[in-house]
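>>> dropping the sequence and predicted coords here.
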Amino acid sequence: GNTTVPTNTPSPSASPSLEFWENISLDGMMTHLSALQQIANDNGGTRSISSPGYQASLEYVEDLLAQQTNYLLEVQPFSVNITKQLADPIFEMESPSYQEYQTPLEYSPMQYSGSGNVTSESIGIPNLGCNFDDFNTFESGKIALISRGNCTFQLKTENAVNAGAIGVLIYNYMDQTSSVQGTLGEPFDIPVFGLTYSLGQQLLYSPSSVLHMNYSSETSTIVTANLIAE
C-alpha cells in the first residue's frame with residue numbers, strides 16, 4: 001500500500017489527520033528500514049553522523065519527500081565536534097600501593113575528555129565542585145576528585161581546570177554501582193574520567209594516593225545537516 005505522507009500540506013498547527021495514519025503500514029516501515037539498512041551495508045556498515053552513510057540516508061529521505069509530497073524541504077547544515085579514542089586508557093594508583101583500575105567496571109573516560117599522561121596526588125573537592133569557591137584549598141598541579149550532582153560535568157571540569165587541575169575524576173551517586181558515563185559538552189585539554197561511587201570513596205579516604213591517568217584522543221569538527229520538512 002501507499003506508505004508516504006499525504007500529498008496535501010498540513011498547516012503547522014494541525015494534528016496528523018486520519019488520512020496520515022491510514023497511509024502508515026508495517027510493510028511500508030519495513031521497506032524503508034530495509035532501504036536504510038542497505039545504505040549502511042553499502043557504506044562500511046554505518047550511518048553514523050560523521051559517515052557517508054548518514055549523507056546517503058538524508059538524501060534517501062529528501063528524495064522520497066520531494067517526489068511524493070509537497071512539503072517545503074530545507075537542508076540545514078550545522079557543525080559538530082567528534083572525539084575519537086586513539087588508545088586504551090590507563091588509570092592506576094602508584095602509591096601507597098599499586099592498583100590498576102578496569103574500564104568500564106571501575107572507570108570510564110568522559111566524552112570530550114582531553115588527552116593527557118599525568119601523575120599526581122588526588123584532592124577531594126568539598127561540596128560538589130559546582131562553585132569555584134569549592135576549589136579554594138585545591139593545589140594547582142593535582143588531580144581533582146569530585147562527586148557527581150547538582151550541576152553539569154562540564155561546569156565541574158571548568159572549575160577544576162581554572163583551579164589548575166591536571167586531571168579530573170568524577171564519582172557516581174551512592175545508589176549507583178556503575179562508573180559515571182557522560183559528556184563534558186565540549187572538548188577539554190586534560191583527561192577526565194568517571195568513577196564508580198565505591199572507587200571515589202576509596203580515593204577520598206586515601207588522600208596521599210598518587211594516581212596515574214593516561215588518555216589519548218583527538219577531536220575534529222565536521223559539518224553535517226538536518227532535513228526540515230514543513
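Okay, I see it. Residues are numbered from 1 along each chain as shown.
>>> how about the helices of this structure, start to end?
Under the criterion DSSP state H, helices of the chain are mapped to 18-22, 26-42, 52-68, 153-162, 197-204.
>>> what's the closest of these to Thr183?
helix 153-162 (7.0 Å; C-beta to C-beta). C-betas here are computed from N, CA, C, even on glycine.
>>> just to revisit the earlier point, most tightly surrounded among the helices of the chain?
Greatest average neighbour count among those goes to helix 153-162 (a mean of 21), per mean count of other C-beta atoms under 10 Å.
>>> before we move on, the earlier item: turn the helices of the chain into JSON lines, including mean pLDDT and distance to Ser120.
Putting the helices of the chain into JSON lines (pLDDT from 0 to 100; distance: least, C-beta to C-beta, whole Å) gives the following:
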{"stretch": "helix 18-22", "mean pLDDT": "80", "distance to Ser120": "60"}
{"stretch": "helix 26-42", "mean pLDDT": "94", "distance to Ser120": "44"}
{"stretch": "helix 52-68", "mean pLDDT": "93", "distance to Ser120": "40"}
{"stretch": "helix 153-162", "mean pLDDT": "97", "distance to Ser120": "12"}
{"stretch": "helix 197-204", "mean pLDDT": "94", "distance to Ser120": "12"}
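>>> below-threshold pLDDT in the chain: ranges please.
Residues of the chain meeting the criterion pLDDT under 70: 1-16.
>>> how about a cut-off of 80?
When residues are selected by pLDDT under 80, those of the chain lie in 1-20, 50, 81-82, 207.
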